[in-house]
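J.: Kindly return the folded structure for what I paste below:
(2 chains)
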Amino acid sequence: MERAALIGSSLCYLFALGHTLFSLFKGRFRPGRFNVAAIAAGAALQGWYLTLLGSQLHACPIRNLPQVLVFLGWSMALFYLAIGPSYRLSLMGAFTAPVVLILQGAAMVLPTEPLEAVRGVDPWIETHASLSLVAYGALGLSCIAGLMYLVQERQLKSRRPSAIFHDLPPVATLAATVRRLLLAGFVVLSVSFAAGFLALTPIPKVKICFSALIWLLYAGLLVDSWSGRLGNRRTAQGAILVFLLALLLLPVIQRLSTLG
Amino acid sequence: MNILCAGINHRTARLAVRERFAVAPEETPALLSDLRSVEGVSGAVVLSTCNRVEIYASGLCPVRALDGFREILSSRAGLKAPLYHHDTPRAVRHLFRVASGLDSMVIGETEILGQVKKAYSAASEAGTATRTMHKLFQHAFRVAKSVRTETQITSGPTSIGSVAVELAEKIFGDLGNLRVLLLGAGEISERTARSLQSRGVRNVVVSNRTYERASALAAEIGGMATHFDHWGKAAADADILISSTNSPEPLVIPENLLPVMKGRGGRPLFVIDLAVPRDADPAINDMEGVFLHDIDSLEQIATESLVIRQREVERCESLIESHVGGFMNWLQSLHNPEWRP
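T.: Just a heads-up that it's a prediction; the model follows:
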């Protein structure tokens, strides 16, 4: 049943992506409800999958890398649903859907262990881990908004903008979205770290160091961006690079957590 | 029942001729009444825009109707009416093409649909729109909508002003609170500023070497004038800088813009250089937050939009053709109620 929910959710994201690409190639892309509905259905099925897993584990379903990747994709989809339609960033769905698909594809390919109920769950560790992934959902979406900013900026600076130029949102909107998502992600990440410090379970020092590095990078990016030291382009580049670094470190942190 | 279309347009008559035949809204009811009194004419609609004056009519005898229309229009204008005319089904096809913007001077323009709708409303109010005319015009509106949504015929801006507006919208989003600085008071920059004003820009500052000219233009477009020596200061507050001076050397150079960009808190600056020789150094386009477009790039974008629209014409025509077939089936069924398409 869980597997079916996961496959169903992947198909929804595939539909969203396929529909957008088809519309863009036909030159008929209109910010419509189809993409939002497909992504909402995908997120609902992901939520169902995670609920089924959670009820079997009696814990938050982020015990291994595949589960973490699905949870991360789910957070990103939820943040997109929260901000995409209201800020008229419908095309963001076209950028979000493939990222979530890749995360989910990796989750389905990676080997998993049989599910067993977890004993002696530390609620602070659960809060820390799940909030961290919610934060990475927002930061992942800021990376996507950053990518959209760079694409649109390039279009605007070129003398021959391509067809996608007409469908992408204004750079000012994208720059504001990057900053807001960075801020939202950073606040949730900070709360998750505070919860981690309250946990009784010892956390490996290397993991603390990696996490602190990401937190510091995001803090620096935010301070420089809000103070005006970093322009919109650099902020967008920073949002992309720091998230990619965090994504690369995720398996390492996950491995260290398992060892811990 | 026949449908007849007769008229003049930008291809068949010069502006000087078209303006003689133009029909003001207050003259329309009387003209419609005259047209309907022509022998054999049951209904009529008059479409009068800056590019065309056309009569669409339903009736039994197109030849007599055409003679009558020619006589009425000629006597109104005081010169012989060089009318083209189409009978069914070409008249139906023609209206569908007109409503879809395929017969316009700028292919794919959408203003014409509103004008066709107004013409139809005027005829409905005057009681000269028969059942056939109602059906024909309602069908034309559906065709225009379908052409607009299913093809790229309205794709992209096609004039320098509209390109500037679209670029500004893609940089800033809402244009309502933007400040525009006109550097030089040339005609093309004035038109561009007016295009931006039509999309919500309220705050325009004009700076020109001759202060009186700046002042006059500012008064004309509802802006403010500033001395040319102070343009750098005005640029610090501006979101869009439209430049069209006669300066032989570039005025907007990286050295001038660096202090301007530092104090903006990430706010972008859109520089529209309409001057020849250019007022802006192309190097400013490499600066973060500065978006530069000159007359060539604006024209290139407009031309590309037109090329895309031209490519779409064939698709539009086949879409229209299927609708003409549908309408003709309905018209046939009027003659023979037993007949079902």
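J.: List the buried residues for stretch B:327-335?
T.: By 16 or more other Cβ atoms under 10 Å in any protein chain shown, the buried positions in stretch B:327-335 come out as B:327-328, B:331. (Each C-beta comes from the backbone N, C-alpha and C, glycine too.)
J.: same question for it, mean pLDDT?
T.: Mean per-residue pLDDT for stretch B:327-335: 87.
J.: Please state the offset of it from the chain centre?
T.: Chain-centre distance of stretch B:327-335: 34 Å, with Cα atoms, centre = their mean, to the nearest Å.
J.: hey, where'd the helices end up in chain B?
T.: Secondary structure of chain B (DSSP state H): helices located at B:15-21, B:28-36, B:62-77, B:90-99, B:111-126, B:131-150, B:160-172, B:187-198, B:211-221, B:231-237, B:254-262, B:295-335.
J.: what does the stretch 51-200 of chain A give?
T.: A:65-83, A:90-109, A:123-157, A:164-167, A:171-198 (DSSP state H, counting those that start in this stretch).
J.: The third one - what's its average pLDDT?
T.: The average pLDDT for helix A:123-157 rounds to 90.
J.: relative to helix B:160-172, how tilted is it?
T.: Orientation check (axes from the mean of the first three to the mean of the last three Cα atoms, to 10 degrees): helix A:123-157 against helix B:160-172 gives 160 degrees.
J.: Enumerate the positions of helix A:123-157 that are buried.
T.: For helix A:123-157, by 16+ other Cβ under 10 Å, it's A:124-153, A:155-156.
J.: likewise stretch B:277-293?
T.: Result for stretch B:277-293 [16+ other Cβ under 10 Å]: buried residues B:278-281, B:284-285, B:287, B:289-293.
J.: is chain A contacted by it?
T.: Yes: with Cβ under 8 Å from any Cβ of the partner chain as the criterion, chain A is reached by stretch B:277-293 at B:285, B:288-289, B:291-293.
J.: hmm, back to that, which of the buried residues of stretch B:277-293 fall in strands?
T.: B:290-293 (DSSP state E).
J.: Nearest to chain A among these?
T.: Distance to chain A across those (Cβ to the nearest Cβ) is lowest for B:Phe291, with 5.0 Å.
J.: Can you check what pLDDT the model gives the closest one?
T.: For B:Phe291, the pLDDT comes out at 95.
J.: what's the answer for B:Gly186, then?
T.: Residue-level pLDDT assigned to B:Gly186 equals 80.
J.: so where's the stretch 51-200 of chain B uncertain?
T.: Residues of the stretch 51-200 of chain B meeting the criterion pLDDT under 70: none.
J.: Return the distance of A:Gln104 relative to chain B.
T.: Noted for A:Gln104: a distance of 32 Å to chain B, by Cβ to the nearest Cβ, to the nearest Å.
J.: does chain A sit close to stretch B:170-180?
T.: Yes: contact of stretch B:170-180 with chain A (Cβ under 8 Å from any Cβ) involves B:170-173.
J.: likewise stretch B:185-199?
T.: No: judged by Cβ under 8 Å from any Cβ, stretch B:185-199 stays clear of chain A, getting no closer than 13.1 Å.
J.: Quick check: the nearest residue to B:Val106 once chain neighbours are set aside vs chain A, distance?
T.: When the adjacent residues along the chain are set aside, B:Val106 lies closest to B:Thr158, with 5.2 Å between them (Cβ to Cβ, 6 or more residues apart in numbering or on different chains). Going from B:Thr158 to chain A by Cβ to the nearest Cβ gives 13 Å.
J.: For B:Thr158, grab the count of nearby residues.
T.: The tally of other residues near B:Thr158 (other Cβ atoms under 10 Å in any protein chain shown) stands at 21.
J.: And for B:Pro248?
T.: 6.
J.: Next: the one 10 residues further on.
T.: The local packing of B:Leu258 (other Cβ under 10 Å) involves 11 other residues.
J.: what sits against B:His323?
T.: When contacts are counted by Cβ atoms under 8 Å, 6 or more residues apart in numbering or on different chains, B:His323 touches B:96, B:139, B:142-143, B:146.
J.: give the contact list for the nearest residue to B:Leu175 once chain neighbours are set aside.
T.: Excluding the flanking residues, the one nearest B:Leu175 by Cβ to Cβ, 6+ apart is B:Gly200, at 4.6 Å. Contacts for B:Gly200 (Cβ under 8 Å, 6+ apart) come out as B:174-176.
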